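*Asks:* build me a structure from this.
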Amino acid sequence: MTELLPILDGRYAAANTLSKKLADNTGNVVWQWISDSSSGVDQASCWGPRLIAAVAAQYPAYTVTRYDWTLSWSSGTAYAVGAIVYSAGNIYTCTGAGTAGATEPTGTGTGISDGGATWAYVSAASVGQYRRPVNVQTGTGSNTLSVYLGAAPGFTIQYCLTNWAAMVQGIPDLWTINHGYNQSEGPSWTPAGGGYSGAWYALLLAVLRRCRAVAPRADVIMCAQPPKRVASSVIAADVTAQAARSQAVAVFAAQEGCALIDAYSAFVNAGVALSTLVSTDGIHPTTAGYDLWLSAAKALFPASGAARALVPARARDRIVIPAAAFGTIQGTIADSYAGQDQYNNRYGHVKSMPNGAVSALSTLIEIPTWWEFLNVTVLWSAAVTTGQVVAQMQTALVNTASTAQFPASGSKQMAGLQSTGLNTGGNFYLAVPAAKAITPSLMVAGYPLSGLQGGPDDVLQLTFARNGTNGSDTAAGALEFHGVILDRLR
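*Replies:* You can find the predicted model right below:
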């Protein structure tokens, strides 16, 4: 088994905003979780509270408090003794098991009946539907780290969107998004022609956009949750769907500049039977599984005193689109694969654009929501070692109304891919290197992204073409297209 390798660069980025602020001891810090129950609240072995405690221990000056989310009491729900619910601004614990009746528990004291189960008052809720804070650490200084563990057992990411106002507290310095187990969306992450679609993708994007609207400068950690295994309540299709969702999270995190806890890859590459890491219910990790998940999460938090560089440019500010994501829109373009030639191995999939003809490739790519300008660099090689090729690159924003927007400057435009040739004013003359090698060529500089509408259909269309019929195209062999690099400018 191999890692979940997204097609875009930069899966990992440290939790720099939070870590640097804690290391500098410059003020209060907020860490917000958007999660299902797998991050853990009431189970000692779960990875979430243990990660919080481990991070806290690195910064003894901080007083660290953890607020645990509590589900609302619900009529008709079967409750066991010890269950904890939120009701009428208070927190209650179940002292008599039963199916909840129609009377919502209120007030203080014990022996409070809802008509089915019996409850005892615990306390008033602290904020939102969070319980009284758990004191993780008493610091030596005056600053605090407040962790809002928004873990909703049995619920989907849609629940978090619905309860956003109560779940999200303050202006976070770090977000952790951990969902997937409870989703019904199957393997709908489809990189068709380089564009992305599907209900799971739309939900991830909706949550991320809310996070960045609340705290644009905060880092975001996403979790590719561990695999499921076949059990009495888990069929093979569930296992496949979970793998697809985790793959989607890995690709999404890379594309959107988020850090990634790749628990899925950690489990499948652990070198032990999956039954050692996933319990008999086929879903929840064992103690050993939670230990492994915690280890994968800790890797994102540098040790206290370690160097903390800014988030790497390639993690937040670069997208690599391989040739495989491009489709032919004009001419006859052959596919080559890794291993054909040594110099083709880096990107593994090559599009060969012949001399003597007009040929063009195109793709669609979702642009990260915070980008304002970008450069486009083409990665190419040639089957020959002399001459030059004539090429063009078109960039066009497609907004939610599916309207192409072409700025007046900043892009080399095509008048149209006609057999008689390309727009002469937009031609690039690429000199073939004397030694066969992949060559980067900057073809679009400072392209403005002001046309983005903030919706799920905002994409950038990239079209690369070779005009082998142009008299200035003197390379007798194929132009070998390896892919494109998009770099954010700021």
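
*Asks:* tell me how far the nearest residue to N135 once chain neighbours are set aside lies from W164.
*Replies:* Nearest non-adjacent residue to N135, counting by C-beta to C-beta, 6 or more residues apart in numbering: T65, 6.1 Å away. For glycine as for every other residue, the C-beta is placed from the backbone atoms N, C-alpha and C. Shown here: T65 relative to W164, a distance of 21 Å by C-beta to C-beta, to the nearest Å.

*Asks:* which of the two has more neighbours?
*Replies:* Using other C-beta atoms under 10 Å, the more surrounded residue of T65 and W164 is T65, with 20 against 14.

*Asks:* that one and R132 touch, don't they?
*Replies:* No - counting by C-beta atoms under 8 Å, T65 stays clear of R132, with 9.6 Å between them.

*Asks:* so M353 touches G477, yeah?
*Replies:* No - between M353 and G477 no contact is recorded; they are 10.2 Å apart, counting by C-beta under 8 Å.

*Asks:* of the two, who's got more company?
*Replies:* More neighbours surround M353 than the other of M353 and G477, with 28 against 16 (other C-beta under 10 Å).

*Asks:* just the pLDDT for the more buried one.
*Replies:* According to the per-residue confidence, M353 scores 93 in pLDDT.

*Asks:* can you tell me how far it is from V484?
*Replies:* In this view, M353 and V484 are 14 Å apart by C-beta to C-beta.

*Asks:* how many residues are close by L203?
*Replies:* L203 sits with 18 neighbouring residues when counted by other C-beta under 10 Å.

*Asks:* same check on the one 5 residues further on?
*Replies:* L208: 22 surrounding residues under other C-beta under 10 Å.

*Asks:* same question for V168.
*Replies:* Other residues within reach of V168 by the criterion other C-beta under 10 Å amount to 22.

*Asks:* just the helices in this protein please.
*Replies:* Taking DSSP state H as the test, the helices found in the chain are 16-24, 47-57, 157-162, 164-167, 199-214, 236-255, 263-268, 274-277, 287-298, 313-316.

*Asks:* point out the most buried one among these.
*Replies:* Each of those was given a mean neighbour count from mean count of other C-beta atoms under 10 Å, and the largest, a mean of 24, is that of helix 263-268.

*Asks:* helices or strands up against that helix?
*Replies:* In terms of contacts (3 or more C-beta pairs under 8 Å, 6 or more residues apart in numbering; DSSP states H and E), helix 263-268 is packed against strand 219-224, helix 236-255, helix 274-277, helix 287-298.

*Asks:* and the pLDDT at T176?
*Replies:* The predicted structure lists T176 with a pLDDT of 94.

*Asks:* report the beta-bridge partners for it.
*Replies:* Under DSSP bridges, the beta-bridge partners of T176 are W33, I221.

*Asks:* burial of it, as a residue count?
*Replies:* Per other C-beta under 10 Å, the neighbour tally for T176 reads 27.

*Asks:* wait, it touches D36, no?
*Replies:* No - shown here, T176 and D36 do not form a contact pair, counting by C-beta under 8 Å, at 11.9 Å.

*Asks:* can I get the helices and strands packed on helix 263-268 in JSON lines including mean pLDDT and distance to S123?
*Replies:* JSON lines is the format used below for the helices and strands packed on helix 263-268 (pLDDT from 0 to 100; distance: least, C-beta to C-beta, whole Å):
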{"stretch": "strand 219-224", "mean pLDDT": "90", "distance to S123": "30"}
{"stretch": "helix 236-255", "mean pLDDT": "82", "distance to S123": "35"}
{"stretch": "helix 274-277", "mean pLDDT": "94", "distance to S123": "36"}
{"stretch": "helix 287-298", "mean pLDDT": "93", "distance to S123": "28"}
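
*Asks:* could you dump these to JSON lines with distance to T385?
*Replies:* Converted to JSON lines, the helices and strands packed on helix 263-268 look like this (distance: least, C-beta to C-beta, whole Å):
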{"stretch": "strand 219-224", "distance to T385": "43"}
{"stretch": "helix 236-255", "distance to T385": "35"}
{"stretch": "helix 274-277", "distance to T385": "51"}
{"stretch": "helix 287-298", "distance to T385": "46"}
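
*Asks:* those: which one's closest to N182?
*Replies:* Between N182 and the helices and strands packed on helix 263-268, the tightest spacing by C-beta to C-beta is seen for helix 236-255, at 10.4 Å.

*Asks:* got the CA coordinates for the closest one in CSV?
*Replies:* As requested, C-alpha coordinates have been extracted for helix 236-255 and formatted as CSV (Å, rounded to 0.1, in the frame of the first residue of the first chain):
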residue,chain,number,x,y,z
ALA,A,236,-17.2,-3.5,1.2
ALA,A,237,-18.8,-0.5,-0.4
ASP,A,238,-18.4,1.4,2.9
VAL,A,239,-14.7,0.6,2.9
THR,A,240,-14.3,1.8,-0.7
ALA,A,241,-16.2,5.0,0.0
GLN,A,242,-14.2,5.8,3.1
ALA,A,243,-11.0,5.4,1.1
ALA,A,244,-12.3,7.7,-1.6
ARG,A,245,-13.3,10.4,1.0
SER,A,246,-9.9,10.3,2.6
GLN,A,247,-8.2,10.5,-0.8
ALA,A,248,-10.4,13.5,-1.5
VAL,A,249,-9.3,15.2,1.8
ALA,A,250,-5.6,14.7,0.9
VAL,A,251,-6.0,16.3,-2.6
PHE,A,252,-8.2,19.1,-1.2
ALA,A,253,-5.8,19.9,1.6
ALA,A,254,-2.9,20.2,-0.9
GLN,A,255,-4.9,22.3,-3.3
